[in-house]
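**Q** I would like the atomic coordinates for the input below:
(2 chains)
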Amino acid sequence: GAVVSQHPSRVICKSGTSVKIECRSLDFQATTMFWYRQFPKQSLMLMATSNEGSKATYEQGVEKDKFLINHASLTLSTLTVTSAHPEDSSFYICSAWGGGANEQFFGPGTRLTVL
Amino acid sequence: QKEVEQNSGPLSVPEGAIASLNCTYSDRGSQSFFWYRQYSGKSPELIMFIYSNGDKEDGRFTAQLNKASQYVSLLIRDSQPSDSATYLCALWRGGFQKLVFGTGTRLLVSP
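**A** Numbers count the residues shown, from 1 in each chain, chains lettered A, B, ... in the order given. Now for the predicted structure:
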């Protein structure tokens, strides 16, 4: 299957700071990328969908001014958590869709801990 | 009613047994269904997808879809301790272009 990477894999930050997470499709062009959040013992919840070159579509209840998504190229999408708070601590996972495949390819995830 | 429902488990089976994981969904118009396996602290990995009524086999895994009854199941034959993980059922909402996940069933396979 296709490879999707995320960076960083883990990040610890202080409350009030901003954190950027990168998602890259390494061997295919991702027309669409998805950002998910998963709290402990819960399922994946879609936060937003981004298409290259256009604004992201956010799910209901997700603050677009807090979770900034940029999909500037067909291989890179970024999620910036602005003014992070302890309740933003979670496992953030991206996935990418493209390259003619009929499935989403998931990145390895980023564990965010906000102190 | 949740769009995708799964029993959270844990489902405990002995090594070598058949594990049966079930999932029901509420939208009768749903067409595409996916089973993912997720190990603790890792992201999901696709096991298989199914679109048509009936069974679909891939190695030790068999997915079953019954659209009339709105359920999807995953059978794991000859279960191994390495199969111990959370299994997520998901459906594709074509109109909204997104996957909707169930909460997952935790499977424990004991040696």
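
**Q** contacting residues around the helix or strand of chain B with the lowest mean pLDDT?
**A** The weakest-scoring helix or strand in chain B, judged by mean pLDDT, DSSP states H and E, is strand B:98-101 (a mean of 90). By C-beta atoms under 8 Å, 6 or more residues apart in numbering or on different chains, the residues outside strand B:98-101 that reach it are A:34, A:43-46, A:49, A:104, B:3-4, B:34, B:36, B:88-93. For the C-beta atoms, the positions are set from N, CA and C on the backbone; glycine is no exception.

**Q** I'd assumed residue A:81 was in contact with residue A:17.
**A** No. Using C-beta atoms under 8 Å, residue A:17 is not in contact with residue A:81, being 9.1 Å away.

**Q** looking at these two, which one has more neighbours?
**A** A count of neighbours by other C-beta atoms under 10 Å in any protein chain shown puts residue A:81 above the other of residue A:17 and residue A:81, at 24 against 12.

**Q** and that one, bridged to which residues?
**A** Beta bridges link residue A:81 to residue A:19, residue A:67 when assigned by DSSP bridges.

**Q** and the closest residue to residue B:58 other than its chain neighbours, how many residues sit next to it?
**A** Excluding the flanking residues, the one nearest residue B:58 by C-beta to C-beta, 6 or more residues apart in numbering or on different chains is residue B:48, at 5.1 Å. Neighbour count for residue B:48, taken as other C-beta under 10 Å: 17.

**Q** and residue B:48, what element?
**A** Assigned by DSSP states H and E, residue B:48 belongs to strand B:45-50.

**Q** let me know the secondary structure of the residue most central in space within chain A.
**A** Computing the C-alpha centroid of chain A and ranking residues by C-alpha atoms, centre = their mean puts residue A:35 first, at 3.7 Å. Of the three states, residue A:35 takes strand under DSSP: H, G, I helix; E, B strand; the rest coil.

**Q** show me what contacts it?
**A** Here residue A:35 is in contact with A:23, A:46-50, A:67, A:69, A:77, A:79, A:92-94 (C-beta under 8 Å, 6+ apart).

**Q** could you find the lowest-pLDDT member of the residues you listed?
**A** Among the contacts of residue A:35, residue A:50 carries the lowest pLDDT, at 90.

**Q** wasn't that one part of a helix?
**A** No. Under the criterion used here (three-state DSSP), residue A:50 is strand, not part of a helix.

**Q** so it makes contact with residue A:58?
**A** No. Using C-beta under 8 Å, residue A:50 makes no contact with residue A:58, being 9.6 Å away.

**Q** can you tell me which of the contacts of strand B:98-101 end up in helices?
**A** Assigned to helices by DSSP state H, none of those qualify.

**Q** buried subset of the residues you listed?
**A** Neighbour-count burial (16 or more other C-beta atoms under 10 Å in any protein chain shown) applied to those gives A:34, A:43-46, A:49, A:104, B:4, B:34, B:36, B:88-93.

**Q** where along the chain do the strands fall?
**A** You didn't say which chain, so I picked chain A. Along chain A, the stretches classed as strands by DSSP state E are A:4-7, A:10-13, A:19-25, A:30-38, A:45-51, A:57-58, A:67-73, A:76-81, A:90-98, A:105-106, A:110-114.

**Q** actually it's chain B I care about, not the one you picked
**A** B:4-5, B:11-14, B:19-25, B:32-38, B:45-50, B:54-58, B:61-66, B:71-76, B:85-93, B:98-101, B:105-110.
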